[in-house]
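Enquirer: pasting the structure only:
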C-alpha cells in the first residue's frame, strides 16, 4: 500500500496541487507565475469565446463517441461470432497500436488531403470534378478521433458479448423474441456495461485530444486540448492553462461519476 | 368425423430415424420414439450419449441432417421450424433467467412477445408464480441474483409454463440443486405434469431421477436409443449390458449354450459351472450368451445344501458392505469374477448375519430371474 500511496502522492497529488495553485496565481509573461493570489484566470474561463470552445469540444467528443459506438458494436458482434477467426480479428483490431498515434494521424492526412487517396479515387470515378475539401474540417477531426479510438470501444464491448450466456439468447428465442427484438431486449441491456466502459474510454481522450484536431483540423477546429497546449507554450499563460485543465478534468470526473453510478445501479440489481 | 375410436390419438411428439452429425462425430444416430400427450418422458444417458442434442433437435435450436429423419409434433413435421414456431417451452440447465429483468418481467417476457394485453399479463404472471409456489408479493420484484437456486428453478419453470406450451422440455433442470431440494422438485414436477396435462420431456443423467418421475424412459447410449420403456420394464428387463449396468446394478454372467430343451437353455460358463436360462430366439447349441442378474434377485446358500431347480455358482465371500436398508455381499466366484448379492437388512445388531468374509457360498438365482442380453 505504502509504495502505491507514495507514487500517487509524488506523481499525482503533488503535481495536481501545484497546478491548482498555479490556476490561482498572477501570470508571468515569460511563463510561470508571480507570487500572490488572483481569480482572474478562473473568471476568464466563463468568457463566451472559451465557453464556445468547451461546448465544441464536448459536442465533438460526444459525436465521436457515438460514431465509434455505431462502428464498434457491429464489429464486436462479428468478432464474438467469428468462431476460430476470433483471435485473428482481435489481433487486427489491436494492430494499429503497433504504430504511434502520430504516425497514424499523418497517414490520415495522406488519405484525406486534396491529392490524397480518397480524392484521387473520387476524381478517377468522375464523381467529383475537383478535389473535395476533406482535410482541415471538423469531419476530418471526427474521422481521426473515431479511427484512433475504435479499438478502445471494440474491446470492452467484445468482452461483454463474450460473457453473454448463449443460453439466454436461446431462452429468448423459445419465448418468441427474435432478430432485433431479441437484440434490444437481451443482448443490448446485458452488454451495456461494455458499451459504457468503451464510451468512456473514447469520450475522455477525445475531450483532451489536441494532436488530432491540430493536424487534421488545422487552425479551424480548436478544441480545449489545443487551447491548453497553447496557453502553456506560445501564449505563456500558465495560470489560464491550469484553470482550463481543471475545467477539462471536471468534465472527465463527471463522466466517471456517471459511470460509477451506473455500475452501482448495476450491482444493486 | 370418421369413427374416431378406431383411430388412436396421434403422438404429441414423434421422432423418426433422426440423425445429427457434427463433423465426423455422429451425436444422434437414427433415433426414433413417440411420446403420448401428457406423458412424462425422460431421455436418460451418460454425458456424450446424445440426449442433450436430441432435446435441442426437438426444441429447434438445431435441425436433423437434410436426410436425417423427421420430427413431428401434433402430427405435423416441424423440421426447419424455429423454436418459437414449435409448440414447446423450455427450462434450461442453468435456468437462463434474464439477469437484468425482475422475476415478474422474466415471466412476462414470452407473453409480451406474443402481444398479450397488459392486464392479462399481470394476471397470468401472478398465476404462474403461484403455480410454482412462489408468493408473488415477495418474489415478483426481485432480480434473479437475489434468489436461491431452488427459487430460480421455480421462476424458470413459471417462465416456460406461463405460455402453456403443449410440450415442456427440461434440460437437466435439477442438476444444480442439493439432494433434499432435488427430491422435493422431483415430486413437484411430476405433480405439475399430472395436473396441467402438459407433456414433459426431461433430459437427465441421473437414473434415480428418471425412475422416480418418468412414465417412460428412453435410455441413450452413443447417440442411439438403447431401450425405451417404463421404469419398471427398463429395470427388470434391460435389453443390453449397458442398460443393465447404467440403471441399477447388475451381475453379468456369460457362457456358451450347450443345448436348448423345452424352452430352457443350458449354458456352460467360466469355471465349468453350468446354469439354465429361458431360451431366447436366436439361441442354439454353441452360441454365446450373456445374462444380467440384479443383486437383489440373488440368494446366498451354504454349499452342500439342497439345490432345488435354481442356478448356483460357488464362490467365497470377499467383503460385506453395510448400506443401511440393504447389505451387499461381494463374492469371488471360482472363475475369479465378482458377484454382488443384496440382502435386506433385518437389523444386523439384533439379528446378526450368518455370513462372514471368507465363507464358501453358493450364489443362487431362479432360472427365470435372469435377463438375457442382446449383444
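Expert: All right, it came through fine. In this text, all values refer to a predicted model and were calculated from it rather than measured experimentally. Numbering: from 1, shown residues only, chains lettered A, B, ... in the order given.
Enquirer: what stretches of the chain score poorly on pLDDT?
Expert: Because you didn't say which chain, this covers chain A. A:266-269 (pLDDT under 70).
Enquirer: looking at chain B here, not the other one
Expert: Where chain B drops to pLDDT under 70, the residues are B:1-8, B:271, B:306-308, B:375.
Enquirer: That one against chain A: which residues are in contact?
Expert: By C-beta under 8 Å from any C-beta of the partner chain, the part of chain B that sits against chain A consists of B:59, B:61, B:82-84, B:88-90, B:92-94, B:96-100, B:109-110, B:113-114, B:143, B:145, B:159-160, B:163. For glycine as for every other residue, the C-beta is placed from the backbone atoms N, C-alpha and C.
Enquirer: taking these one by one, which sit in strands?
Expert: Residues of these located in strands (DSSP state E): B:88-90.
Enquirer: Just the buried ones out of the residues of chain B next to chain A, please.
Expert: B:59, B:61, B:83-84, B:88-90, B:92-94, B:96-100, B:109-110, B:113, B:143, B:159-160, B:163 (16 or more other C-beta atoms under 10 Å in any protein chain shown).
Enquirer: domain parsing for chain B?
Expert: B:4-245, B:249-372 (automatic domain parsing).
Enquirer: Need the winner for burial among the ones you listed.
Expert: Highest mean neighbour count among the domains of chain B (mean count of other C-beta atoms under 10 Å in any protein chain shown): domain B:4-245, with a mean of 19.
Enquirer: tell me how far it is from the chain's mean position?
Expert: Distance, stretch centre to chain centre, for domain B:4-245: 13 Å (C-alpha atoms, centre = their mean, to the nearest Å).
Enquirer: Same check on stretch A:88-97?
Expert: 19 Å.
Enquirer: If you count neighbours, what's buried in that stretch?
Expert: Result for stretch A:88-97 [16+ other C-beta under 10 Å]: buried residues A:89-90, A:93.
Enquirer: Which single one of those residues is nearest to chain B?
Expert: Sorting the buried residues of stretch A:88-97 by how near they are to chain B, with C-beta to the nearest C-beta, puts residue A:89 at the top with 22.7 Å.
Enquirer: Pretty sure that closest one sits against residue A:78.
Expert: Yes - with contact defined as C-beta atoms under 8 Å, residue A:89 reaches residue A:78; the gap is 7.3 Å.
Enquirer: Helix or strand: which one has residue 67?
Expert: Picked chain A for this. helix A:48-80 (DSSP states H and E).
Enquirer: how distant is that helix from the center of its chain?
Expert: That offset, for helix A:48-80, works out to 7 Å (C-alpha atoms, centre = their mean).
Enquirer: Packing partners of it?
Expert: helix A:86-94, helix A:138-163, helix A:188-208, helix A:224-232, helix A:238-268 (3 or more C-beta pairs under 8 Å, 6 or more residues apart in numbering or on different chains; DSSP states H and E).
Enquirer: Out of the ones you listed, which gets nearest to residue B:125?
Expert: Smallest distance to residue B:125 across these (C-beta to C-beta): 19.6 Å, for helix A:188-208.
Enquirer: Which strands or helices does the closest one pack on?
Expert: helix A:48-80, helix A:138-163, helix A:224-232, helix A:238-268.
Enquirer: Okay, angle between that helix and helix A:138-163 too, please.
Expert: Orientation check (axes from the mean of the first three to the mean of the last three C-alpha atoms, to 10 degrees): helix A:188-208 against helix A:138-163 gives 140 degrees.
Enquirer: For the closest residue to residue A:113 other than its chain neighbours, which three-state class applies?
Expert: Leaving out its chain neighbours, the residue that sits closest to residue A:113 by C-beta to C-beta, 6 or more residues apart in numbering or on different chains is residue A:135, at 4.8 Å. Following DSSP: H, G, I helix; E, B strand; the rest coil, residue A:135 is assigned to coil.
Enquirer: count of neighbours near residue A:213?
Expert: 27 (other C-beta atoms under 10 Å in any protein chain shown).
Enquirer: so it sits right up against residue A:219, yeah?
Expert: No - the criterion here is C-beta under 8 Å, and residue A:213 misses it with residue A:219 at 9.8 Å.
Enquirer: What residues does the residue in the stretch 201-350 of chain B positioned nearest to chain A make contact with?
Expert: Per C-beta to the nearest C-beta, residue B:201 is where the stretch 201-350 of chain B lies closest to chain A, at 13.4 Å. For residue B:201, the contact set (C-beta atoms under 8 Å, 6 or more residues apart in numbering or on different chains) comprises B:13, B:35, B:41-43, B:55, B:58, B:167-170.
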